[in-house]
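Participant: here is my input; please provide its structure:
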Amino acid sequence: MTEATRLLAWYDRHRRHLPWRAAPGVAADPYAVWLSEIMLQQTTVAAVKAYYEKFLALWPRVEDLAAAETDDVMRAWAGLGYYSRARNLHACAKVVAAEHGGRFPATEEGLRALPGIGPYTAAAIAAIAFGARAVVVDGNVERVVTRLFAIEEPMPRAKPLVRAAMDRITPDLRAGDFAQATMDLGATICTPRRPACALCPLNEGCLARIEQRQEIFPVKAPKAERPSRAGAAFFLRRHDGSVLVRTRPPKGLLGGMTEIPGTPWSADFDLNSAMDHAPVATTWKRLPGSVEHVFTHFALRLTVFVAQHDTPAPEGARYVGDHALDDEALPSLMRKIIEHARSFER
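Facilitator: A predicted model of the protein is given here:
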């Protein structure tokens, strides 16, 4: 019995019930598969479920999403992180609606030509939504495959070896189910710590289990030290309670999101120069402590200054009512700044 046969038999009994996953015997909706796969990049299933359901309620078809305002899409995405995904999601919906009649291409090649769809996502959509034989490798699959074949090359150099191994065991039929089965196995049985090997349908041939070395796979190269940056943020209230905000440029980190005005972030940030970037000329008070946030490529520490002043909003900025802030497209970093400032108002 092949790995695929054993794993698919297990999947038919133990598959996870996920909002975007079609029931057995029901054709998958390419829009649902695409939306979930974009959302799941760098994020967990638990974090995505509510966002997925929100998006489907607001925009049940790809044409609806294509017609949405960019600000509304960014607002609905706020808190999910990696905001370039939201911009690419919207751009992709527009292309599918305008150039493909609302239908996603059925091939990996056609899917990769769309904004925001890379090799993994194209393979996942092709296999799951269209039944194509495609080799799908995400983090869960990497863990399963490196353990199954005891691939000792450190990640990420091992990625071609993992893909080649996954290619060898991917069946011609039910490739989409096989991909989802491997993901489910990694999420529920072949977990990073204390994998439940006794319950695994692949345990008899798993080299890592045989050698009792499950937890060393996938082997990871030593992590480089994460660089640090610093800056300042300016929390300005009018006497009516509204707060000064602005929208970040559409491209770049946190592009298109709402922010509390601040300084540029740099490794050699000089706090003495912070006032050169204050959005208005008034008396600013420095708050104790700082706001810390970790991005993929650097760690950030922000000093927060607060003031109360009834000055008109400077060019490029606007005032938002305090309660309306929750409806803004605020990334988690900006919410931390707001919470830090509010904590000293109580």
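
Participant: which SSE is immediately downstream of the helix or strand of the chain with the lowest mean pLDDT?
Facilitator: Ranked by mean pLDDT, DSSP states H and E, the helix or strand of the chain with the weakest confidence is helix 70-77, at a mean of 92. Later in the chain than helix 70-77, the nearest helix or strand by DSSP states H and E is helix 84-99.

Participant: show me what that next one is packed up against.
Facilitator: helix 30-40, helix 62-67, helix 70-77 (3 or more Cβ pairs under 8 Å, 6 or more residues apart in numbering; DSSP states H and E). For glycine as for every other residue, the C-beta is placed from the backbone atoms N, C-alpha and C.

Participant: out of those, which one sits most buried?
Facilitator: For the helices and strands packed on helix 84-99, the largest average neighbour count (mean count of other Cβ atoms under 10 Å) is found in helix 30-40, namely a mean of 22.

Participant: and whichever helix or strand comes after that helix, what's its mean pLDDT?
Facilitator: The element immediately downstream of helix 30-40 (helix or strand, assigned by DSSP H and E) is helix 45-58. On average, the pLDDT along helix 45-58 is 95.

Participant: and if you look at stretch 189-207?
Facilitator: 96.

Participant: ditto for stretch 88-108
Facilitator: Mean predicted confidence for stretch 88-108 is 97.

Participant: between the two ends of that stretch, how far is it?
Facilitator: 18 Å (Cα to Cα, to the nearest Å).

Participant: now it, how far from the chain's geometric center?
Facilitator: Once both centres are worked out by Cα atoms, centre = their mean, to the nearest Å, stretch 88-108 turns out to sit 20 Å from its chain's centre.

Participant: residues contacting that stretch, please?
Facilitator: With Cβ atoms under 8 Å, 6 or more residues apart in numbering as the contact definition, stretch 88-108 has outside contacts at 30-31, 34-35, 38, 61-63, 65-68, 70, 73, 77, 111, 113-117, 119, 122-123, 125-126, 129-130, 132, 134.

Participant: if we use 7 Å, what do you get?
Facilitator: Contact with stretch 88-108 is made by 30, 34, 38, 61-63, 65-66, 70, 73, 111, 114-117, 122-123, 125-126, 129-130, 132, 134, as judged by Cβ atoms under 7 Å, 6 or more residues apart in numbering.

Participant: list the buried residues for it?
Facilitator: Asn88, Leu89, His90, Cys92, Ala93, Lys94, Val96, Ala97, Phe104, Pro105, Glu108 (16 or more other Cβ atoms under 10 Å).

Participant: show me what the least confident helix or strand of the chain packs onto, helices and strands only.
Facilitator: helix 45-58, helix 84-99 (3 or more Cβ pairs under 7 Å, 6 or more residues apart in numbering; DSSP states H and E).

Participant: these into JSON lines, with extra columns for distance to Arg168?
Facilitator: Below are those laid out as JSON lines (distance: least, Cβ to Cβ, whole Å):
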{"stretch": "helix 45-58", "distance to Arg168": "27"}
{"stretch": "helix 84-99", "distance to Arg168": "31"}
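
Participant: which one of these lies nearest to Glu345?
Facilitator: For Glu345, the closest of those is helix 45-58, at 29.1 Å, according to Cβ to Cβ.

Participant: for the closest one, packing partners?
Facilitator: Secondary-structure packing of helix 45-58 (3+ Cβ pairs under 7 Å, 6+ apart): helix 30-40, helix 70-77.

Participant: run the chain-centre distance for it.
Facilitator: 12 Å.

Participant: got it, and stretch 42-54?
Facilitator: That offset, for stretch 42-54, works out to 9 Å (Cα atoms, centre = their mean).

Participant: also stretch 285-294?
Facilitator: 26 Å.

Participant: dump the C-alpha coordinates for that stretch into PDB.
Facilitator: Only the C-alpha atoms of stretch 285-294 are listed here, as PDB (Å, rounded to 0.1, in the frame of the first residue of the first chain):
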ATOM      1  CA  LYS A 285       4.400  65.000  26.300                       C
ATOM      2  CA  ARG A 286       6.600  61.900  26.200                       C
ATOM      3  CA  LEU A 287       4.900  58.900  27.700                       C
ATOM      4  CA  PRO A 288       6.800  56.500  29.900                       C
ATOM      5  CA  GLY A 289       7.800  53.200  28.400                       C
ATOM      6  CA  SER A 290       7.600  52.300  24.700                       C
ATOM      7  CA  VAL A 291       5.600  50.300  22.200                       C
ATOM      8  CA  GLU A 292       7.400  47.200  20.800                       C
ATOM      9  CA  HIS A 293       6.500  45.200  17.800                       C
ATOM     10  CA  VAL A 294       8.200  42.500  15.800                       C
END
